[in-house]
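[1] one predicted model, sequence on top.
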Amino acid sequence: MNAERPQRTGRTRTDQGSTGIGDAKERLAEDYLRRHKLHPVARNHRCRHGEIDLVMRDGETLVFVEVRYRRSDRYGTPAETVNPRKQRRLAAAASHYLQRHPNMLPCRFDVVAVGAEDRIDWIKNAFLVEI
């Protein structure tokens, strides 16, 4: 697996509406995490339960990253949109990923919230789940 180009898993996106913005923010988040010494493993892992935006390695930890973007905080911050329902969907998608890519690494869920002017808030261990 090439560290410079993480594998894409699942279906490819066809909707070009807000997807272009989402892809750009995911690349921004990935670049930010790389600068903080995380290594990309996969991008956009999709299954019927949902999608994992980024799968990264932080030392000996596998990190499932949800990237959230909002132009303004008028209706809440990007991180606030990762509600319990979204957390369950991310956990189910992570479980699906681990079934297809087994390993013994500990896992965590991070959120990278991208706000106005591409301000980044990286929340490590944003929520806990049992997989």
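    That came in fine, so what should we check first? Numbering: from 1, shown residues only.
[2] quickly note the distance from the residue located most distally from the centre of the chain to Gly115.
    Relative to the mean C-alpha coordinate of the chain, counting by CA atoms, centre = their mean, the farthest residue is Arg74 (23.2 Å). Distance of Arg74 to Gly115, computed by CB to CB, to the nearest Å: 11 Å. (Glycine included, C-beta is placed from N, CA and C.)
[3] what's the answer for Arg85, then?
    22 Å.
[4] where's Asp110, which helix or strand?
    strand 107-114 (DSSP states H and E).
[5] which parts of this structure are helices?
    19-35, 84-100 (DSSP state H).
[6] I'd like the ones you listed as a markdown table, with distance to Arg70, mean neighbour count and mean pLDDT appended.
    As requested, the helices of the chain are exported to a markdown table (distance: least, CB to CB, whole Å; neighbours: other CB atoms under 10 Å; pLDDT from 0 to 100):
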| stretch | distance to Arg70 | mean neighbour count | mean pLDDT |
| --- | --- | --- | --- |
| helix 19-35 | 10 | 16 | 93 |
| helix 84-100 | 14 | 16 | 95 |
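[7] related to what we said a few turns ago, what's the strand holding Asp110 packed up against?
    Here strand 107-114 touches helix 19-35, strand 61-69, helix 84-100, strand 120-127, going by 3 or more CB pairs under 8 Å, 6 or more residues apart in numbering; DSSP states H and E.
[8] can you list the strands that the shortest one pairs with?
    Right, the one you point to is strand 120-127. Strands adjacent to strand 120-127 in the sheet, as given by DSSP bridges, are strand 107-114 (antiparallel).
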